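In: give me the fold of what follows.
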Amino acid sequence: MIELEGVPELVDPVMVAAFEGWNDAGDAASTAVAHLDREWKGEVFAALDAEDYYDFQVNRPTVWMDAGVRKITWPTTRLSVVRIGGEKPRDLVLVRGIEPSMRWRSFCNELLGFAHELGVELVVILGALLGDTPHTRPVPISGTTSDADLAQRMDLEETKYEGPTGIVGVLQEACTHAGVPAVSLWAAVPHYVSQPPNPKATLALLNRLEDLIDVRIPLGELPEDARAWQVGVDQLAAEDSEVAEYVQTLEEARDTAELPEASGEAIAREFERYLRRRDTPGGHATEGGEGTPFLKDRGDNPGGRPKPPKPPKPGADDEDSSED
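Out: The predicted structure follows:
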């Protein structure tokens with residue numbers, strides 16, 4: 001393990017994790033954690049040793065130039081901290097990386113070791129899966145936990161999933177067995193436009209996370225990106241009559257299924273979010289992590305936002321490799 005001295009003392013910390021790969025359709029989950037890290041200026045304080053968990057023929061390192069000197073960035077999982085001020089201060093421990101290739105139990109135990117040392121009170125793992133959902137409707141977000149009491153207290157579903165799982169499911173169960181409260185938030189991404197990025201799904205995950213941990217999250221340009229993404233997909237779908245007809249079928253099925261759920265509870269939740277944003281202009285973020293050491297090699301990969309590709313024809317095989 002690569003660890004720097006001076007692990008910070010945190011206030012009511014929540015660990016928020018996401019992993020690129022199998023459980024990250026449209027890169028929605030990993031982009032959500034990257035957004036938190038960027039908006040709150042996260043300070044990286046530790047990273048897991050890439051040699052222990054990654055097959056470099058699957059996740060290859062990248063070479064880059066720094067002032068004429070060639071350097072290598074290795075695939076790994078990094079931990080950073082952000083400090084949130086306001087009337088009810090709360091710190092976040094952000095875990096951002098790639099689903100490991102091997103030794104998953106050791107990987108989870110190492111993350112739980114950090115959680116224990118930092119006094120983490122709740123672990124929230126973000127994921128995204130492919131689903132039969134239209135891009136024109138709000139992104140479905142499901143919150144699950146293995147803890148029946150936690151499910152009742154936080155208005156979550158108690159997970160009943162059986163089948164293949166990814167690191168999200170394994171880490172959640174490891175937390176449960178270690179006595180650490182853990183929640184998974186899943187965004188459903190339209191399978192016919194699964195290519196990243198998907199800012200609409202990222203935004204939906206952040207809104208649900210905001211409700212869950214009662215912290216206002218600065219959204220930056222994400223709402224505008226989400227609107228532009230939907231307009232772009234609308235235009236592409238309109239160019240193909242078969243795709244447009246398929247989207248309409250999904251819309252009708254979704255609207256019929258959700259009619260009974262258009263209840264006062266959903267309206268109240270949206271109204272509470274509105275009040276929270278109105279009463280806290282500018283957000284609660286500070287510069288975060290003052291005096292906290294961090295890794296200089298953060299492995300950031302800034303880039304533009306590519307235009308969404310044209311959706312495939314309906315009926316094409318779309319692999320949904322994530323669990324509820």
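In: verify the stated contact: Pro61 with Thr73.
Out: Yes. Taking CB atoms under 8 Å as the contact criterion, Pro61 and Thr73 are neighbours in contact, 6.2 Å apart. C-betas here are computed from N, CA, C, even on glycine.
In: can you show me the strands along the stretch 51-200 of the chain?
Out: Per DSSP state E, counting those that start in this stretch, the stretch 51-200 of the chain carries strands over the ranges 62-66, 69-73, 78-84, 90-98, 122-131, 141-145, 157-158, 182-190.
In: among those, which comes closest to Glu251?
Out: Shortest separation from Glu251 across the strands of the stretch 51-200 of the chain is recorded for strand 182-190, at 11.2 Å, computed as CB to CB.
In: ok, back up a step: in a markdown table: the strands of the stretch 51-200 of the chain, plus distance to Trp22.
Out: Conversion of the strands of the stretch 51-200 of the chain to a markdown table gives the following (distance: least, CB to CB, whole Å):
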| stretch | distance to Trp22 |
| --- | --- |
| strand 62-66 | 21 |
| strand 69-73 | 22 |
| strand 78-84 | 19 |
| strand 90-98 | 10 |
| strand 122-131 | 9 |
| strand 141-145 | 17 |
| strand 157-158 | 21 |
| strand 182-190 | 13 |
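In: of all the ones you listed, which one is nearest Gly26?
Out: strand 182-190 (4.4 Å).
In: pLDDT of the closest one, averaged?
Out: Confidence for strand 182-190, expressed as mean pLDDT, is 96.
In: burial of Pro89, as a residue count?
Out: Applying the criterion other CB atoms under 10 Å, we find 14 residues in the vicinity of Pro89.
In: quick check: chain neighbours aside, which residue is closest to it?
Out: With sequence-adjacent residues excluded and distances taken as CB to CB, 6 or more residues apart in numbering, Pro89 is closest to Val11, at 4.9 Å.
In: also Asp55?
Out: Ser101 (3.9 Å).
In: count the residues that sit near that neighbour.
Out: Neighbour tally, Ser101, other CB under 10 Å: 16.
In: quick one: contacts for it?
Out: When contacts are counted by CB atoms under 8 Å, 6 or more residues apart in numbering, Ser101 touches 53-55, 58-59.
In: what's the PyMOL syntax to select whichever of those are buried?
Out: Command for PyMOL that selects the buried part of the contacts of Ser101, burial taken from 16 or more other CB atoms under 10 Å:
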select buried, resi 53+54+59
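In: of the contacts of Ser101, closest to Arg38?
Out: Here the nearest of the contacts of Ser101 to Arg38, counting by CB to CB, is Asn59; it sits at 22.2 Å.
In: the lowest-mean-pLDDT helix or strand in the chain: what's the following helix or strand?
Out: Taking mean pLDDT, DSSP states H and E as the measure, strand 2-3 is the helix or strand of the chain with the lowest mean score, a mean of 46. Read in the C-terminal direction, the helix or strand following strand 2-3 is strand 14-20, with elements assigned using DSSP states H and E.
In: who does that next one pair up with?
Out: Note on strand 14-20: by DSSP bridges, its sheet partners are strand 90-98 (parallel), strand 122-131 (parallel).
In: which residues does it contact?
Out: Residues beyond strand 14-20 that count as contacts (CB under 8 Å, 6+ apart) turn out to be 24, 27, 29-30, 32-33, 36, 77, 90-99, 111, 114-115, 118, 120-127, 166-168, 171, 209, 213.
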